[in-house]
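Q: this one's sequence-less:
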C-alpha cells in the first residue's frame, strides 16, 4: 500500500512540474489583454455610437472579430 502511494505521489509531482499546456494559457491571457485594450479604446472614444461612416464599420468589424475569437478559444466553438 505504501509503495503504491509513493509511486502515485511521484507521478503527481512530475505532472505538476510539467509545463505542458502553459503556452495555451499564455496565449489566452494575451488575447484577453488585447480584447480589454480594444474595449477600453472603444469606451474612451465614447462607444460605437459616436463614430460615423467607415470608422463605425471598422470598429464594429474589429469588435465582432475579437468577440468571435474569444468565444472560439473559451468555448471551443
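A: Received, thanks. Because the structure is predicted, anything quoted here is derived from the model rather than measured. Numbering: from 1, shown residues only.
Q: Can you tell me the centre-most residue of the protein?
A: Nearest residue to the geometric centre of the chain (Cα atoms, centre = their mean): residue 28, 2.8 Å.
Q: Give me the distance between it and residue 17.
A: Look at residue 28 and residue 17: by Cβ to Cβ, to the nearest Å, they are 22 Å apart. In short, each C-beta sits where N, CA and C put it, glycine included.
Q: now swap in residue 71 and tell me
A: For residue 71 relative to residue 17 (Cβ to Cβ), the value is 32 Å.
Q: neighbours around residue 64, how many?
A: 10 (other Cβ atoms under 10 Å).
Q: which of the residues in the helix or strand encompassing it are buried?
A: Assigned by DSSP states H and E, residue 64 falls within helix 53-75. Judged by neighbour count (16 or more other Cβ atoms under 10 Å), helix 53-75 contains these buried residues: 59, 66.
Q: Remind me what it packs against, helices and strands.
A: Under the contact criterion of 3 or more Cβ pairs under 8 Å, 6 or more residues apart in numbering; DSSP states H and E, helix 53-75 touches helix 22-45.
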